[in-house]
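**Student:** how does the following fold in three dimensions:
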Amino acid sequence: ELVAMRLTCAWALLALLALAAPAIADMCTTDVCEYTFAVEQKLVMGYGSQWLVYAINGTLYYQDYDGVQHPVPPEDVPGILVLDGFERVAITINGQLPGPAIEVYEGAEVVVHVVNNLINDGLTMHWHGMYQRGTPWMDGASMITQCPIQPGQSFTYRFKAEPVGTHSYHAHHGLERPDGAYGALIVHPRDPTQEACDADHTFTMIMADWMHDDNTEVYLKRLGPGFFPDGPPPGHMPFIWTRSYDGKLVAEVPFSAGLINGKGRYRQPDGTFSQVNLTWFHVLPDTVYCFRAIAAMMEKAFRVSIDGHLLSVIASDGSAIDPVLAESVIIHPGETFDFSVKTMSSASALANGTFWIRAETLEAGYGFHSFTPKTYNNTALAVLRYIGSPLDEPTTSRDACTPAVPCRVVGCPFPAFPANMSTECIYIDELRNANASDTPAPFVNGTADEIFLNFVFEPLGVNNRKYIQSSAPLLTQYGPGSYTPCDDASCPLHSCNCTHILEIEHGHTIQLVLANMGPNSFGMHPIHLHGHSFHVLRVGYAPHDPVTGRMIGQNADISCVANTSCSLASWASGRPALNTDRPPRKDTIVVPPGGYAVVRFEADNPGWWHLHCHMTQHMFYGMGMVLNEAPDLQPLFPAPPDFPRCGNFEPPAAYARNSRAAWEALRRMEL
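**Tutor:** You can find the predicted model right below:
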């Protein structure tokens, strides 16, 4: 009884301590929320200007000039960027990776002074999920809405925080985002009863896949000599084409480590893992916690689970859904999901102590011409620890999936897992919008446009068009010579390299049929739209083998004109049934290989909005396009005075000659 009383008192004291700590430590509660982001490179495992550190069982050490080992003083540890413990250069924001969180109320004016301290590269910052109504020039899409911020320059973003929910921000120039330039952007409703993440305590969990090369090098290797689809010859870097459970592409680049809130471990050549510390989430028993999961990954999706705990999935891309109880949720690059977790009772918590939080890729095998099963899973790990239990790493296992008690997984990008995995899929278009009044825009002839867009590889692009970046921002400097026009007569039949622009009319209902069809539908694509969110009305999957889960054909709902890479498409037998009864609202949707997704939004936000695959390598290579929305109304929202301009330059042919002649004349006068 005395032991039980002491334990009860201990839990009560810990509960008081936990309640004393604010759930949102750095939330801005004023109408104007101002931040300064200094973006710069930082050396991972660098200590001051003299040392590189290394980790042994979670403790950081360095060696002095005499080779004597010293532990890093505790007060110096927070200033060291550890990540997975591998020495490489990362991009940080205010020295952090991930960058500082922006957490504000809906309707607040967000002011961010972005200072580019990068050594060589330009920079823009995109506020992912923000509508930017009336401020399209603050969207941060490089060479679409603004010029890159050059090294040594600053740019101040000002925009209204809307919509509510879990969002993110990240670099949107070149290949910078996966190198570390990202963070959380969370918008709370003014009415707390409208908070989707309504829990006693809230955690933010930003996930990323991490490379040991910077992403420019990864990109160039992927395009050519570093890429070996069936695995590398001895001594070469393993750029292996990895495959999902449906046999389709997961990624073309290697997985070095997975990070959760900037911490992870990499597999060393001997098969062991680096010994750096992980992210720990400390919880109390009998309590509901909400996790805001943000996908900052470059390419790979993560299946997120917590050993011994079920997840109640309650929101995606900031929009609330009816709760769905699941073993795990699959999150793709560009998406966010909120899920709540009810912790165990005191007795169970004391008996177990710590549990693994897993973010596992969907890689089931590898190879291009053949399929070889993988012998281990690429997984990012964190720790769920019950306060008062020992600080020991977990020994828990993933919950068993059995025919009697199958695992339920939210967000499958394929029709089914292999039958022997006893895993059931809950598809995105099966989720129910929690806001019954949030209905899709009406689809009425004359004011509604249905547009088929096919996102595929080789030729990589949209409707046979590989996106070529404009030489000046389209929003503010659109005109002849600033972009490469597409030849709409020839592009359906031949691959085109051009600045793919689609004009849409104000007030129209836009229904996009985002397809991933044809012989080049190698893998899934998470498609993100700037400036809008949309209702997901239907996702159509390819047929599959019910035993192996492998894809065995193409979805029959869409008919593609031959020899056009499905850039000319239509419904094969009339439009299939669409769900307009409380469909989920998102800003990023995964288009499955051999299938499609139907999304709908109202064109009510004049501007130039990027529509693209959120896999960084795919987007940079050309899998994207721009929606030019209501060009006749855009003059109502002019960019601020002295908004930066950029573009190509070619002086008149005679100018340099005449200037040289003037200098020579001056020289003769001096002599």
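
**Student:** for the stretch 451-600 of the chain, just list every one of the helices.
**Tutor:** Assigned by DSSP state H, counting those that start in this stretch, the stretch 451-600 of the chain shows helices spanning 474-477.

**Student:** okay, and for it, where does confidence drop off?
**Tutor:** Within the stretch 451-600 of the chain, the stretches with pLDDT under 70 are 458-459.

**Student:** let me see the ranges of the strands in it.
**Tutor:** Secondary structure of the stretch 451-600 of the chain (DSSP state E, counting those that start in this stretch): strands at 461-462, 465-467, 496-498, 501-504, 509-516, 525-529, 534-540, 558-560, 569-571, 585-586, 588-591, 595-602.

**Student:** same check on the stretch 101-250 of the chain?
**Tutor:** Secondary structure of the stretch 101-250 of the chain (DSSP E, counting those that start in this stretch): strands at 102-105, 109-116, 125-128, 154-160, 165-171, 182-188, 201-210, 242-243, 249-251.

**Student:** would you turn the ones you listed into a markdown table with distance to D76?
**Tutor:** All C-beta atoms are positioned from the backbone trio N, CA, C, and that covers glycine. Listed next are the strands of the stretch 101-250 of the chain as a markdown table, based on distance: least, C-beta to C-beta, whole Å:
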| stretch | distance to D76 |
| --- | --- |
| strand 102-105 | 28 |
| strand 109-116 | 25 |
| strand 125-128 | 30 |
| strand 154-160 | 29 |
| strand 165-171 | 28 |
| strand 182-188 | 24 |
| strand 201-210 | 23 |
| strand 242-243 | 39 |
| strand 249-251 | 36 |
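
**Student:** need the ones you listed in TSV with distance to A653, mean pLDDT and mean neighbour count, can you?
**Tutor:** Listed next are the strands of the stretch 101-250 of the chain as TSV, based on distance: least, C-beta to C-beta, whole Å; pLDDT from 0 to 100; neighbours: other C-beta atoms under 10 Å:
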stretch	distance to A653	mean pLDDT	mean neighbour count
strand 102-105	50	96	21
strand 109-116	35	98	19
strand 125-128	39	98	27
strand 154-160	35	97	18
strand 165-171	38	97	27
strand 182-188	45	97	23
strand 201-210	50	94	23
strand 242-243	53	84	24
strand 249-251	48	81	24
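
**Student:** and V276, which of the ones you listed is closest to it?
**Tutor:** Nearest to V276, of all the strands of the stretch 101-250 of the chain, is strand 201-210, at 12.1 Å by C-beta to C-beta.

**Student:** show me what that closest one is packed against.
**Tutor:** Secondary-structure packing of strand 201-210 (3 or more C-beta pairs under 8 Å, 6 or more residues apart in numbering; DSSP states H and E): strand 182-188, strand 257-260, strand 280-283, strand 288-295, strand 354-361, strand 379-386.

**Student:** now distance to D545 too, for these, in a markdown table please.
**Tutor:** Formatted as a markdown table, the helices and strands packed on strand 201-210 follow (distance: least, C-beta to C-beta, whole Å):
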| stretch | distance to D545 |
| --- | --- |
| strand 182-188 | 37 |
| strand 257-260 | 29 |
| strand 280-283 | 39 |
| strand 288-295 | 29 |
| strand 354-361 | 22 |
| strand 379-386 | 26 |
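
**Student:** H282 and A382 touch, don't they?
**Tutor:** No: counting by C-beta atoms under 8 Å, H282 stays clear of A382, with 11.4 Å between them.

**Student:** compare those two (neighbour count), which wins?
**Tutor:** A382 (25 against 16; other C-beta atoms under 10 Å).

**Student:** and that one, how far from D338?
**Tutor:** Applying C-beta to C-beta, to the nearest Å, the value for A382 to D338 is 17 Å.

**Student:** likewise for G446?
**Tutor:** Using C-beta to C-beta, G446 is found at 38 Å from D338.

**Student:** so which of the two has more stuff around it?
**Tutor:** For the pair G446 and D338, the greater number of neighbours falls to D338 (29 against 6), based on other C-beta under 10 Å.

**Student:** max-length strand in the protein?
**Tutor:** Determined from DSSP state E, the single longest strand within the chain is strand 32-43.

**Student:** got the contact list for the very next helix or strand once past that one?
**Tutor:** Where DSSP states H and E defines the elements, the next helix or strand beyond strand 32-43 is strand 46-47. Contacts with strand 46-47, where a contact means C-beta atoms under 8 Å, 6 or more residues apart in numbering, come from 52-53, 60, 62, 72, 76, 80-81, 87.

**Student:** rerun that using 7 Å as the cut-off
**Tutor:** Outside strand 46-47, the residues that touch it by C-beta atoms under 7 Å, 6 or more residues apart in numbering are 52-53, 62, 72, 80.

**Student:** adjacent strands (with direction) for the helix or strand following it?
**Tutor:** Next in sequence after strand 46-47, counting helices and strands by DSSP H and E, comes strand 51-52. Paired neighbours of strand 51-52 in the sheet (DSSP bridges): strand 46-47 (antiparallel).

**Student:** any idea how far R222 is from the closest residue to Y621 other than its chain neighbours?
**Tutor:** Leaving out its chain neighbours, the residue that sits closest to Y621 by C-beta to C-beta, 6 or more residues apart in numbering is L460, at 5.4 Å. From L460 over to R222 the distance is 11 Å, taken as C-beta to C-beta.

**Student:** try G318
**Tutor:** 32 Å.

**Student:** higher neighbour count, the two?
**Tutor:** Using other C-beta under 10 Å as the criterion, G318 and R222 rank with G318 on top: 25 against 18.

**Student:** per-residue pLDDT of that one, please?
**Tutor:** On the pLDDT scale, G318 is placed at 95.

**Student:** OK, contacts around the closest residue to it other than its chain neighbours?
**Tutor:** Among residues not flanking G318 along the chain, G165 sits closest, at 2.2 Å (C-beta to C-beta, 6+ apart). Taking C-beta under 7 Å, 6+ apart, we find G165 in contact with 187, 196, 315, 318-319.

**Student:** hmm, try it at 8 Å
**Tutor:** G165 is in contact with 129, 186-187, 196, 315, 317-320, 336, 338, counting by C-beta under 8 Å, 6+ apart.

**Student:** returning to what we had before: which one of the strands of the stretch 451-600 of the chain lies nearest to L666?
**Tutor:** Closest approach to L666 among these is made by strand 496-498 (46.4 Å; C-beta to C-beta).

**Student:** below-threshold pLDDT in the stretch 251-400 of the chain: ranges please.
**Tutor:** For the stretch 251-400 of the chain, residues meeting the criterion pLDDT under 70 lie at 347, 368-370, 375-376.

**Student:** what's the burial count for G264?
**Tutor:** Number of residues near G264 (other C-beta under 10 Å) recorded here: 29.

**Student:** mind listing what it touches?
**Tutor:** With the criterion set at C-beta under 8 Å, 6+ apart, G264 makes contact with 83-84, 210, 257-258, 276, 278, 380-381.
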